[in-house]
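Peer 1: give me coordinates for this.
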Amino acid sequence: PKDAVVLRWKLVQDAPISFRLNLALDRNAAVPESAPAEKPSKADKKKKGAKAAPAAVAPKAGSAAVPTEYTYVLMLDKNGERQLRVTPNSGAPEEATFSDRGFIIDGLQGPARNLATLALELPRDPVRPGETWSLGTELTTPDALGTLFRRAPGGERHNRVKLVSVTPGDNGEQVATLEYDLVEQFGGTLGAPRPVAPSGKKGPHVAGHESATEIVDELADAPAPAAQAEGTELGATVKVTGKGEFLVKAGQWRSWEGTLSTSLNGPAKPAVNLPAGTYQARLTPVSAPQQAPAAAPTATPPAP
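Peer 2: You can find the predicted model right below:
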């Protein structure tokens, strides 16, 4: 269509594209408020073990180290397939394959996939200024909490990236400016598992209760059994806002900056594997190592 652009990663063999994602905790930013759980009835309040909703989790000093910097290397192999290598500043690198629009085809799971999607994924179709599309992110997974979790009405979910403008750049380049606005929020109540039978045999397993892959990890990791008493309220809110400049002809980012905010209630874990809080995110290109200049030749003294 007229005035539309096609945004694609453009790779050349033996010429990988590298950039670094930095995540810095903003200690002055307010933690987003989580969605409230469904209010318990009077009968529920009388039940033994009913608990009030815990406050939103704040970042804790001295917590276990988590990656706050990722290096992304995009390359085209000899078979014409696009390969991605993601290396965190703590932990082992991961590899994946992706399409020319940055969609992860194979490899990467959970938090690593969410971050790569934010940093790489482009619209499938040509877009005009003012048009929007969504990303393939899954920032919260309340279904992974199992059948004992009762989701409260309401919550919020929207996923939108907008092409704001396309402006001329240097040497005939086009600069596409994109804005990001993603919010996922849910709340609810976790019921208590069936108590152990007097004979010592465990009650029947509830399918899904111990499965919390990707964003929400296993509830078995919750610190205290009392925290999972009947009526425990859970919730999570994840917000992502950002703005990037994509070079249309070169097929790579010129700049990208954003904010990732997470708040949690109960034994849930954030989508991007970071303690709850607000993080400033920035993508910066990684320059290829420069070769040292050759030493100047030593002058040969004239023959006597």
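
Peer 1: ok, residues contacting stretch 171-179?
Peer 2: Residues from elsewhere that reach stretch 171-179 (Cβ atoms under 8 Å, 6 or more residues apart in numbering): 5, 7, 161-169, 241-250, 254. Glycine gets a C-beta too; all of them are placed from N, C-alpha and C.

Peer 1: redo that, cut-off 6 Å
Peer 2: Contacts made with stretch 171-179 from outside it, assessed by Cβ atoms under 6 Å, 6 or more residues apart in numbering, are listed as 5, 161-167, 169, 243-249.

Peer 1: from those, which one has the minimum pLDDT?
Peer 2: For those, the weakest pLDDT value sits at residue 169, with 91.

Peer 1: leaving out the residues flanking it, which one is nearest to that residue?
Peer 2: Taking Cβ to Cβ, 6 or more residues apart in numbering, and ignoring the residues beside it in sequence, residue 169 has residue 175 as its nearest neighbour in space, at 4.5 Å.

Peer 1: tally of neighbours for that neighbour?
Peer 2: The local packing count at residue 175 equals 18, with neighbours defined by other Cβ atoms under 10 Å.

Peer 1: quick check: the two most widely separated of the contacts of stretch 171-179?
Peer 2: Across the contacts of stretch 171-179, the longest distance by Cβ to Cβ is 21.1 Å; it joins 162 and 249.

Peer 1: the more surrounded of these two?
Peer 2: With other Cβ under 10 Å as the criterion, residue 162 and residue 249 differ in neighbour count, and residue 162 comes out ahead with 16 against 13.

Peer 1: sheet-wise, list the partners of the one helix or strand that one maps to with their directions.
Peer 2: Assigned by DSSP states H and E, residue 162 falls within strand 156-168. Based on DSSP bridges, the strands next to strand 156-168 in the sheet, each with its direction, are strand 132-133 (antiparallel), strand 174-190 (antiparallel).

Peer 1: in a markdown table: the ones you listed, plus mean pLDDT and distance to residue 25.
Peer 2: Rendered in a markdown table, the data for the strands paired with strand 156-168 read as follows (pLDDT from 0 to 100; distance: least, Cβ to Cβ, whole Å):
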| stretch | mean pLDDT | distance to residue 25 |
| --- | --- | --- |
| strand 132-133 | 97 | 30 |
| strand 174-190 | 92 | 20 |
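
Peer 1: please, where are all the strands along the stretch 151-300 of the chain?
Peer 2: Across the stretch 151-300 of the chain, reading from the start of the chain, the strands by DSSP state E, counting those that start in this stretch fall at 156-168, 174-190, 232-247, 252-265, 277-285.

Peer 1: which other helices and strands contact the last one?
Peer 2: Contact analysis of strand 277-285 by 3 or more Cβ pairs under 6 Å, 6 or more residues apart in numbering; DSSP states H and E lists strand 17-25, strand 252-265 as its packing neighbours.

Peer 1: deepest in the core, which of the strands of the stretch 151-300 of the chain is it.
Peer 2: Neighbour counts averaged per stretch over those are highest for strand 232-247, at a mean of 22; criterion: mean count of other Cβ atoms under 10 Å.

Peer 1: helices and strands around that strand, which ones?
Peer 2: strand 174-190, strand 252-265.

Peer 1: could you give the number of residues near residue 133?
Peer 2: With neighbours defined by other Cβ under 10 Å, the count for residue 133 comes to 16.

Peer 1: I'd like to know how far residue 182 sits from residue 114.
Peer 2: Shown here: residue 182 relative to residue 114, a distance of 10 Å by Cβ to Cβ, to the nearest Å.

Peer 1: let me redo that: residue 160
Peer 2: Residue 160 sits 16 Å away from residue 114, taking Cβ to Cβ as the criterion.
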